[in-house]
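Peer 1: the sequence and its predicted three-dimensional model are supplied below.
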Amino acid sequence: MISNGTSRIAMCLEYDGSNYHGWQIQKGVVTVQEALEEAVSSVADEQVQVITAGRTDAGVHATGQIVHYDTRSNRSGQAWLRGINSNLPKSVVVSWVLPVPATFHARYSALTRSYRYVLLNRPVRPTYLARRVSWDYRPLDLTKMKVAAKPLLGEHDFNAYRAVSCQSNTSTRIIHELEINQKESWIWFDIKANGFLKHMVRNIVGVLVAIGAGESEPGWSSEVLETRDRTMGGVTATADGLYLCGVSYSAGYNLPPAPPPCRFW
């Protein structure tokens, strides 16, 4: 309970971002936040604003997005879950709903955020997975990409790996994990950090894929990093293959573990 009978509720969300203009409400376009707020408000019988752990860009998907909202409505967790999902479009679903203390904040309480980038590496483009995975027809060298990923681990100024339009006051971030794996024609990049800049994951993947394709040597990833100049980086990878897979918080909040990340193999 916060005050005046208001409770704070947290929930986990997954969505197919293909047809959304990103998370944040914007005039004249369809967004995930707008769809969710309409669904929650309908169940709550009051106008509700939701706060997210991370604002995904247009076309980006999620399997473990975390949000919270404050409400005066008294509903059970099951009532919230069933009611909200019945009011959401098929491309968005809530996987769990829980009451949380007033100290919990989906964005500011987050310790880390994890993304997975899924790439189909074969001569022909995807069909039924179009807009849900990325694609590159060129043979990619996994070993070279893994070597190139190592210098990006730890705390760095990632100014060269963020979008020119990024409005964050600081470009310093800490990457805790950056792993690249492959199974048959599938390659996936797992990145966990304390936070991400606009297009940061997609710009990192763009550089690593260029190295994997033989356009540059593995050392290029650190050269780009050291320039702190976005114009020295590579092509920004498409949004199609990017998924927000999880957000971690203090164990004291007792939130369920993140759902398994997306798999297509």
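Peer 2: It's in. Residues are numbered from 1 along each chain as shown.

Peer 1: and Ser95, how many residues sit next to it?
Peer 2: 16 (other C-beta atoms under 10 Å). (Glycine included, C-beta is placed from N, CA and C.)

Peer 1: ignore what I typed, I meant Arg263.
Peer 2: Neighbour count of Arg263, defined by other C-beta under 10 Å: 10.

Peer 1: quick one: contacts for it?
Peer 2: Arg263 sits next to no residue when contact means C-beta atoms under 8 Å, 6 or more residues apart in numbering.

Peer 1: make 23 the first number, not 1, from now on.
Peer 2: Done: numbering now begins at 23, and the last item shifts to Arg285.

Peer 1: report the secondary structure state of it.
Peer 2: When classified by DSSP: H, G, I helix; E, B strand; the rest coil, Arg285 comes out as coil.

Peer 1: tell me the confidence at it?
Peer 2: Note on Arg285: pLDDT of 79.

Peer 1: after the helix or strand containing Ser136, which helix or strand is next?
Peer 2: Assigned by DSSP states H and E, Ser136 falls within strand 134-143. Counting by DSSP H and E, the next helix or strand C-terminal to strand 134-143 is strand 156-158.

Peer 1: what lines up beside that following strand in the sheet?
Peer 2: In the sheet, strand 156-158 lines up against strand 134-143 (parallel) (DSSP bridges).

Peer 1: next, count neighbours for Leu162.
Peer 2: Neighbours of Leu162 (other C-beta under 10 Å): 20.

Peer 1: what's the spacing between the closest residue to it other than its chain neighbours and Phe211?
Peer 2: Once flanking residues are discounted, Leu162 sits nearest to Gly234: 3.6 Å by C-beta to C-beta, 6 or more residues apart in numbering. Counting by C-beta to C-beta, to the nearest Å, the gap from Gly234 to Phe211 is 11 Å.

Peer 1: ok, Leu35 - contacts?
Peer 2: 54, 58, 84, 87-89, 114-117.

Peer 1: give me that answer again for 6 Å
Peer 2: 87, 116 (C-beta atoms under 6 Å, 6 or more residues apart in numbering).

Peer 1: and it, what element?
Peer 2: strand 29-37.

Peer 1: report the rounded mean pLDDT for that strand.
Peer 2: In the prediction, strand 29-37 has an average pLDDT of 97.

Peer 1: let me see the ranges of the helices in the stretch 173-287 of the chain.
Peer 2: 222-234, 242-249 (DSSP state H, counting those that start in this stretch).

Peer 1: among these, which comes closest to Gly268?
Peer 2: When the helices of the stretch 173-287 of the chain are compared by C-beta to C-beta, helix 222-234 sits nearest Gly268, at 13.6 Å.

Peer 1: give me the buried positions along that closest one.
Peer 2: Using 16 or more other C-beta atoms under 10 Å as the test for burial, helix 222-234 gives 222-234.

Peer 1: what angle separates that helix from helix 242-249?
Peer 2: On the basis of axes from the mean of the first three to the mean of the last three C-alpha atoms, to 10 degrees, helix 222-234 is oriented at 130 degrees to helix 242-249.

Peer 1: show me what helix 222-234 packs onto, helices and strands only.
Peer 2: Contacts defined by 3 or more C-beta pairs under 6 Å, 6 or more residues apart in numbering; DSSP states H and E place helix 222-234 against helix 164-171, helix 242-249.

Peer 1: from the chain's centre, how far out does the first one sit?
Peer 2: For helix 164-171, the gap between its own C-alpha mean and the chain's C-alpha mean amounts to 22 Å (C-alpha atoms, centre = their mean, to the nearest Å).

Peer 1: what packs against it?
Peer 2: strand 194-205, helix 222-234.

Peer 1: residues in a beta bridge with the closest residue to Pro161 other than its chain neighbours, which ones?
Peer 2: Excluding the flanking residues, the one nearest Pro161 by C-beta to C-beta, 6+ apart is Asn143, at 7.3 Å. With DSSP bridges as the criterion, Asn143 is bridged to Asp158.
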